[in-house]
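Trainee: Using only what follows, build the 3D model:
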Amino acid sequence: MAMVADLKDELDIVIPTIRNLDFLEQWRPFFQPYHLIIVQDGDPSNAIRVPNGFDYELYNRDHVNKVLGPKASCISFKDSACRCFGFLVSKKKYIFTIDDDCFVAKDHSGKEINALAQHIRNLLKPSTPLFFNTLYDPFAEGADFVRGYPFSLREGVPTAISHGLWLNIPDYDAPTQLVKPRERNTSSSRYVDAVMTIPKGTLFPMCGMNLAFDRELIGPAMYFGLMGDGQPIGRYDDMWAGWCAKVICDHLGLGVKTGLPYIWHSKASNPFVNLKKEYKGIYWQEDMIPFFQSIVLPKECKTVQECYIVLAKSVKEKLGPIDPYFQKLGDAMVTWIEAWNELNPPPQTAAPTHVKKN
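Mentor: Just a heads-up that it's a prediction; the model follows:
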């Protein structure tokens, strides 16, 4: 496999957690050169143990409140959606985020998968959202554009998001978990060695447990919404971010890839607990998905922030009548953008040089 840049000075790894991070020991060969941003959920007084040798910052709810002040209300509590605080405070170009129950997977040959290296490879190569290549990623080693692929589209577009997959425990919703309680994705025949671009105009269910993105291209859209404590919905945080981000990527001419890399998802969550968190989302998504499928962003929107503010207004107008939650969510989306702009101001434009005339 061709070598790619490691981006160790340009990438942060964001991990939401409520427990000691012993899982990092297995990831040490791959993660140790990178800076970690750990977002502790739950009780701030609980001490989180991080293995020695890792470079990291650890933020708990007290830190979130101190950094954001009144705007901290947009960051979820008692939900993995809190990870987006790490996206907010990072100063790197790229983000990789992973859950603490995910471990190193092996490919069909038994070799350990460096998930981070594959995500970097995905992000550094163009996407092809305007025309589907039947050999999947034409920029992968050993692949190319097939006969009939328009030469005018072969340059591709910048890749904003790399969405990885999972072996062992599938990312199922609660009803599917209940129907298939013992299903595991462990067979080598289930390992698909492919990366593909999600076509323009097509939504997808984004999972946050194995995800990377270009923070400069799409960062402000990676808001994981209001979930968890005090909210009527959970386990839709990553999907909400994915739907918002995909609509904006399509509008701005950016690409989203899915497929490799795989991680090993070790822990099956309780389907009955999940059902309690998900049931309103399962009902509401029959309205949410048509909303995202039908929205057209104004051509005047040239930045992610401009697109997101328009999206927030539309959420309140179109989804607000379904439940007051969407009014609150739309307001939180605006607050998130305000917080993003405060913590990530645009580079200062150099002042013009004035030449004194004689």
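
Trainee: Counting neighbours, what do you get for the closest residue to Met239 other than its chain neighbours?
Mentor: Setting aside the residues directly before and after it, Met239 is nearest to Pro205 in space (Cβ to Cβ, 6 or more residues apart in numbering), at 5.3 Å. C-betas here are computed from N, CA, C, even on glycine. Look at Pro205: counted by other Cβ atoms under 10 Å, it has 14 neighbours.

Trainee: Give me the buried stretch members for the helix ranked longest in the chain, please.
Mentor: Counting by DSSP state H, the longest helix found in the chain is helix 271-294. Using 16 or more other Cβ atoms under 10 Å as the test for burial, helix 271-294 gives 271, 274-275, 277-281, 284-285, 288, 291-292.

Trainee: Lys93: which of those residues is nearest?
Mentor: Phe292 (26.9 Å; Cβ to Cβ).

Trainee: how about that closest one, what does it touch?
Mentor: Phe292 sits next to 203, 243-244, 246-247 when contact means Cβ atoms under 8 Å, 6 or more residues apart in numbering.

Trainee: May I see these organised as CSV, with neighbour count added?
Mentor: As requested, those are exported to CSV (neighbours: other Cβ atoms under 10 Å):
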residue, neighbour count
Leu203, 16
Trp243, 24
Cys244, 27
Lys246, 25
Val247, 23
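
Trainee: which parts of stretch 36-48 are buried?
Mentor: Within stretch 36-48, the residues that count as buried by 16+ other Cβ under 10 Å are 36-42.

Trainee: can you give me the strands for this protein?
Mentor: Remark: strands assigned in the chain by DSSP state E are 11-17, 35-40, 55-59, 94-98, 102-103, 159-168, 195-197, 210-214, 255-265.

Trainee: what's the closest of those strands to Phe131?
Mentor: Among the strands of the chain, strand 195-197 sits nearest to Phe131 (Cβ to Cβ), with 9.4 Å.

Trainee: which secondary structure elements does the closest one contact?
Mentor: strand 255-265 (3 or more Cβ pairs under 8 Å, 6 or more residues apart in numbering; DSSP states H and E).

Trainee: please redo it, this time with the cut-off set to 10 Å
Mentor: For strand 195-197, the packing partners by 3 or more Cβ pairs under 10 Å, 6 or more residues apart in numbering; DSSP states H and E come out as helix 115-124, strand 159-168, strand 255-265.
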